[in-house]
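1. Generate a structure from the sequence data that follows.
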Amino acid sequence: MKQVISTEKRPIKLWLDDIEDGALDQTKNLANLPFIFKHIAIMPDSHQGYGMPIGGVMATEGVVVPNAVGVDIGCGMCAVKTSLTEIDTETLKKIMGEIRKVIPLGFGHHKEMQSDNLMPDFTNIKTDKPTIYKEFDSARKQLGTLGGGNHFIEIQKGDDGHIWIMIHSGSRNLGFKVAKHYNDIAKELNAKWLSSVLKKVDLAFLPIKTKEAKAYMREMNYCVEFALANRKLMMERVKDCFAGKTKGFICDDMINIAHNYAVFENHFGKNVLIHRKGATLAREGTIGIIPGSQGTKSYIVEGLGNKDSFESCSHGAGRKMGRKDAERTLDLAEEQKKLEGIIHSVRGVKDLDEASGAYKDISVVMDNQKDLVKILVELSPLAVIKG
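-> So this is what the prediction gives:
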């Protein structure tokens, strides 16, 4: 831990020195909410988000806050260690070309609905007219698609001598629709109740015993499962691309970890609802994934179970500038030079929003959380596809 702020109703524990003003203001808003338990934990990759900063961990008593989970419910990372120890550039280029054929990127969806057997079961969703019912067929076309922004497929070489495959993606439009639906409901109810939580902070809540909160939790959990199913299907198709271009290709079991969700956990002797928004579980012994930015190292880690962080850690490097700022201020040639030797996605000015210069230094982020995780494998990028 780097610092503690004690000026608000609840303490703020931070694992970074350089939190931006907007993220700090949002963190203080969290610390002054009437239902906060113990303190707010801010991870070393934190930056400003909507309502709650990305890289924030919040424990609440009796309420759920949809905006403290965010719009990409269940977004997360998966990774597999392959049997390969080397791969030449030409083979890698062919594999990346095959991946682009079978996995739609950005706003792209499949033309045909994927098998409903690949979708999570929703028989336990008893909500009246749940969002996932209305979006189910659309979601079947989104299953096995990457999405845009900072989502990626990356091929890496580990310091364990093996080639790894890593994917970052979430619940696509399904998660967005569920998040917006329940955040809108929360805002309406908070206004009706004359809530002390100001509208401008964008942290509307639902008391956990209400039908609305129960409905949100059910649909949120479905989106978490859908996001995992999405990553699994993409990983299977990436593996097929490898198998078709290499000999003797096999993989270890997939590692998966989500970073946008709310879940009941016991902390400091009390059952509370933990909201992780751009933060991952780092319970003692938990195997996790912390990616860097495009062209920088990523890490397979093991959680240390730090109680002060609510057993959490960062979900990545974290942005240090907005997308438009990156496009305006970063030098294209300089950013491309950083990526020499890597098959990358920075081809023009519009791609600078995902250049490494737009992100924090992952080595500093990892150094700031040595009390949260230990590094098991260090991964260097070979090729990356961005959404």
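2. Let's verify residue 46: helix, strand, or coil?
-> Under DSSP: H, G, I helix; E, B strand; the rest coil, the three-state class of residue 46 is strand.
3. Correct me if wrong: it contacts residue 19.
-> Yes. Using CB atoms under 8 Å, residue 46 makes contact with residue 19 at a distance of 6.0 Å. Where you see a C-beta, it was placed from the backbone N, CA and C, and this is true even at glycine.
4. ok, the two, which is more surrounded?
-> Per other CB atoms under 10 Å, whichever of residue 46 and residue 19 has more neighbours is residue 46, with 31 against 24.
5. any idea how far residue 132 is from residue 75?
-> Noted for residue 132: a distance of 17 Å to residue 75, by CB to CB, to the nearest Å.
6. biggest strand in the protein by residues?
-> Secondary structure assigned by DSSP state E gives strand 373-386 as the longest strand of the chain.
7. rewinding a little: which residues are common contacts for residue 46 and residue 19?
-> Residues touching both residue 46 and residue 19 (CB atoms under 8 Å, 6 or more residues apart in numbering) are 27, 53.
8. that's a helix at residue 295, yeah?
-> No. Under three-state DSSP, residue 295 falls outside any helix and is assigned coil.
9. Next, the contact list for it, please.
-> 338, 339, 342, 344, 355, 356, 381, 384.
10. Would you check that the second one makes contact with residue 351?
-> No. Between residue 339 and residue 351 there is no contact, the gap being 10.6 Å when judged by CB under 8 Å.
11. re the thing from before, for the contacts of residue 295, which one is nearest residue 248?
-> residue 381 (23.5 Å; CB to CB).
12. residues near the closest one, how many?
-> Neighbours around residue 381, by other CB under 10 Å: 25.
13. how close does it sit to residue 89?
-> Residue 381 is 13 Å from residue 89, by CB to CB.
14. out of everything not next to it in sequence, what's closest to residue 276?
-> residue 57 (5.5 Å; CB to CB, 6 or more residues apart in numbering).
15. Neighbouring strands - and their directions - for the helix or strand containing that neighbour?
-> For residue 57, the element it lies in under DSSP states H and E is strand 54-60. The strands beside strand 54-60 in its sheet (DSSP bridges) come out as strand 36-47 (antiparallel), strand 270-277 (antiparallel).
16. what's downstream of that strand, the next helix or strand?
-> Downstream of strand 54-60 (by DSSP H and E), the next one is strand 63-64.
17. quick one: contacts of that following strand?
-> With CB under 8 Å, 6+ apart as the contact definition, strand 63-64 has outside contacts at 35, 205, 206, 207, 208, 213, 216, 217, 262, 273, 275.
18. Compute the number of surrounding residues for the first one.
-> When neighbours are counted by other CB under 10 Å, residue 35 registers 18.
19. close enough to count as contact, it and residue 61?
-> Yes. Between residue 35 and residue 61 there is a contact under CB under 8 Å: 5.4 Å.
20. To residue 326, which of the strands paired with strand 54-60 lies closest?
-> The minimum distance between residue 326 and those falls on strand 36-47, with 12.6 Å, by CB to CB.
21. tell me the average confidence for the closest one?
-> Averaged across strand 36-47, pLDDT comes to 98.
22. Now tell me which helix or strand of the protein has the poorest mean pLDDT.
-> Within the chain, confidence by mean pLDDT, DSSP states H and E is lowest for helix 131-142 among all helices and strands, at a mean of 91.
23. Just the buried residues of it, please?
-> Buried residues in helix 131-142, counted by 16 or more other CB atoms under 10 Å: 131, 132, 135, 136, 139, 140, 141, 142.
24. what does stretch 195-208 give?
-> Buried residues in stretch 195-208, counting neighbours by 16+ other CB under 10 Å, are found at 195, 197, 201, 202, 203, 204, 205, 206, 208.
25. swap in stretch 283-295?
-> In stretch 283-295, counting by 16+ other CB under 10 Å, buried: 286, 288, 289, 290, 291, 292, 293, 294, 295.
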